[in-house]
Every structure is written in C-alpha cells, then in structure tokens.
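Chemist: Please work out how this folds:
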Amino acid sequence: MKKQIIILTIAVVLGLLYYIFLHKRSEYIAGENRRYTAYEKYHAKEKSMAFSPKAYENDNYNLKRLKDKAKKEIDKLEIFRIELNSAYNLIYDSNNSVSDYDKYINTLEKIEKEIENNQNYYELQKNHLKELNDFISEMEQDLYSIKLYESDIFHVTSVINSIDSTATKYINTAKFLKYTSASKGLELAKLFEEEKERKKQELIAQIELKRELEQLRKERESVFYNNYSSNSSSIYIDNTTWKYFGKNYSNTSVPTIPNYSNYEIPSYSPSYYSTTTNPSHVKVDGYYKSNGTYVESYMRTTPNSTIIDNFSTSPNLNPYTGKIGKIKFNN
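Modeler: Predicted coordinates for the structure are as follows:
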C-alpha cells in the first residue's frame, strides 16, 4: 500500500514539474502564437539589467515581422501616390471624351476603396504592436531588452500613424479628383449636346431654305407661263412649228424658258430697300384655307405693336424670299 502511495506521489510530482518547467502554453499575441512555460512566466517577474540585451539582439519576440509589414505599407502608399498623380494628369488632359471621365471615376473609386481597406489594416497593426509591447513587458526578465523593444515599437507605431494620416489625405484627394472628373464629364457632355442641337437646327434651317427657294422657283415659273400664255396668240405645236392666228409657221425658233434650277435671291441696290426689320423671326406652319387652298409654311417677323418692321412693309427686304414689302406705312 505504501509503495503504491509513493509511486502515485512521484507521478504527481513529476507531472507537476513537467507542467511548471516543460509544458509550454500557447497564447495568440500580435498575429502569432507565443509559447512559454509557467516557470518562465513566473521567473520573468524578477526583472534584472543584463550587460548585453540578448533577447533584443536575437529578436526573441519576432518584432522584425511587424517592421517588415510597416515597410510594405509604405511601398503601397507610394503606389497609391503614383496612381493619383497619373489620374490627375489624365483628368486635366484636353483630349478626353465623356467615356474617359467615366473610366477615371471608376479607377479613383477602386483606389479609394483599396486605401480604406489598408487603413483598417493599419489599426490592426497598431493593436498588434500594443499587444506585443505588453507581452514583452510581462514575459521578458531583462530590463535592457525591454527598453529597446519599447523604443522600437514606439517608432514603428509612429510610422504607422504617419502612414494612416497620409492615407486619409490620399482618400480626400481621390474624392476631389472624382468630383473634378464628374464635373468635367458633365460639362463636356453638355457641350456635345449643345453642338449636336446647333447642327440639328442648322440642318433644319438649310432644309427649310432649300424648300422655300424651290417653292419660290416654282411660283416664278408658274407666273412666267401664265404671263406668256395671256400675252401671246401663238400656240406651240412642235419643235419647229407654231400656229399664229390660224396660220402655221415652220422652221421658227422656240422661245426658251429661263432656267431657275439654281435660283438665287435677287440683289437690289441699298437705296431701294431697308433692312430695319424686326430681328426676331418666327416660322408659320403650312395650313389649308377655307376654300381648300394649301398655304406653304413661311417665315415672318414676330408680332409686335407696329407693322413698320414687318417684311411686307415697304421698303423692308424679306431675307428669305428676296422680295421688298409693298405696304406703305404712314406715321
């Protein structure tokens, strides 16, 4: 019985010794598992100043990993700066199209989102540095190494704070460039629409002018035929024969009809007409009279309180038909 108790006691003691001196606990600190024994944690309470900071020199707490991450963030920040400068130069290029500005906005939104994600990572890194600093203060026995670690951690934390501040400025820059790109895109789109509308109105005016000139040519041609038929007793039979008062005349020349295919508005001497018409003109759409006659659309001066500036008032010139007004105006 005693033998069993002794064996049990030895086993308990060995288990306790193993738990205190050999069994390593694991704790997730600063992004990685930190392993230590109960004895190491207890012994660390007795702080002392070593002649050489071996723990710091050997980097027992792997601070280099966090330093390297901070350097990588600095490199990323430089990439963001280059991308923003490139976007700035592209936005202020005078050869941009509306689609180019839309593309720049999408690029800037992507950059802004990446910077914001990195800022969340900066906060995580600062938390890791604080955790590591607390862990070293608790687990390290050498005060010299503790002080050196604290100094390095403070420096790395300051660098990350500076990176975070610069990243905020870059986000504001990206937002400003997005606004500028959108503003320039809208302005350019407005100019395109105005130019499109101007060309449309110009084309409409040209078509209307051609149509009115064609109508005028037809009217002049009709007047010519009516006057010729009413003032002459000749009847045209064929290319060489005319009938005049019942007699046939051959080998006569056929009168030619003037060619109005290339009609131009006649020019008058300035002493015969006036251009002091109402500068505001309106178009009157075509319509049918009560007798069924169709009246073609035409241009006229905008109605006002006087007729002195109308196209039909003498001696005003109608710029659309080339006719001088015939209505006499008495003051």
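
Chemist: those helices in this structure, which residues are they?
Modeler: Defined through DSSP state H, the helices belonging to the chain, from first to last, are 2-17, 38-43, 54-57, 63-91, 98-139, 143-231.

Chemist: so what's residue 182 closest to, chain neighbours aside?
Modeler: Using CB to CB, 6 or more residues apart in numbering and skipping residues adjacent in sequence, the residue nearest residue 182 is residue 105, 6.1 Å away. (Glycine included, C-beta is placed from N, CA and C.)

Chemist: how about that neighbour, what does it touch?
Modeler: Contact criterion CB atoms under 8 Å, 6 or more residues apart in numbering gives 178, 181-182, 185 as the residues in contact with residue 105.

Chemist: quick check, nearest of those to residue 30?
Modeler: Out of those, the one with the shortest distance to residue 30 is residue 178. That distance is 36.6 Å, counting by CB to CB.

Chemist: Next, work out how far apart the closest one and residue 166 are.
Modeler: Residue 178 sits 19 Å away from residue 166, going by CB to CB, to the nearest Å.

Chemist: The two: who's more crowded?
Modeler: Neighbours were tallied for residue 178 and for residue 166 using other CB atoms under 10 Å; the higher tally belongs to residue 178 (21 against 15).

Chemist: can you list the weak-confidence ranges in the stretch 151-300 of the chain?
Modeler: Low-confidence segments of the stretch 151-300 of the chain, defined by pLDDT under 70, span residues 223-276.

Chemist: Residue 21 against residue 36, yeah?
Modeler: No: no contact is recorded between residue 21 and residue 36 when judged using CB atoms under 8 Å, the distance being 11.5 Å.

Chemist: These two: which is more packed in?
Modeler: Applying other CB under 10 Å to residue 21 and residue 36 shows that residue 36 carries more neighbours, namely 15 against 11.

Chemist: list the contacts for residue 281?
Modeler: The contact partners of residue 281, by CB under 8 Å, 6+ apart, come to 299-302.

Chemist: I meant residue 286, not that one.
Modeler: Counting by CB under 8 Å, 6+ apart, residue 286 touches 294-297.

Chemist: quick check, distance from stretch 35-46 to the centre of its chain.
Modeler: Computed by CA atoms, centre = their mean, to the nearest Å, the separation of stretch 35-46 from the middle of its chain amounts to 62 Å.

Chemist: Pull out the buried residues from it.
Modeler: 37, 40, 44 (16 or more other CB atoms under 10 Å).

Chemist: just those now: which is nearest residue 314?
Modeler: Where the buried residues of stretch 35-46 are concerned, and distances follow CB to CB, residue 314 has its nearest neighbour in residue 44, at 115.8 Å.

Chemist: residue contacts, the closest one?
Modeler: Residue 44 makes contacts with 138-141, as judged by CB under 8 Å, 6+ apart.

Chemist: Of the residues you listed, grab the buried ones for PyMOL.
Modeler: Entered in PyMOL, the line below selects the buried ones among the contacts of residue 44, by 16+ other CB under 10 Å:
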select buried, resi 139+140+141
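
Chemist: and of the contacts of residue 44, the nearest to residue 277?
Modeler: The shortest approach to residue 277 among the contacts of residue 44 belongs to residue 138, at 98.4 Å (CB to CB).

Chemist: I'd like the distance between the nearest residue to residue 300 once chain neighbours are set aside and residue 297.
Modeler: Leaving aside its chain neighbours, residue 300 sits nearest to residue 284 (5.7 Å; criterion: CB to CB, 6+ apart). Residue 284 sits at a distance of 6 Å from residue 297 (criterion: CB to CB).

Chemist: Next: residue 316.
Modeler: The spacing between residue 316 and residue 297, counted by CB to CB, is 20 Å.

Chemist: just checking, residue 312 touches residue 321?
Modeler: No: with the criterion set as CB under 8 Å, residue 312 and residue 321 do not qualify as a contacting pair; they are 10.7 Å apart.

Chemist: that older thread, ok, residue 316 and residue 297, which is more surrounded?
Modeler: Taking residue 316 and residue 297 together and counting by other CB under 10 Å, residue 316 has the greater number of neighbours (25 against 13).

Chemist: mind listing what residue 109 touches?
Modeler: So, once contact is read as CB under 8 Å, 6+ apart, residue 109 ends up touching 174, 178.

Chemist: got it, and the one 10 residues further on?
Modeler: Residues near residue 119 by CB under 8 Å, 6+ apart: 164, 167-168, 171.
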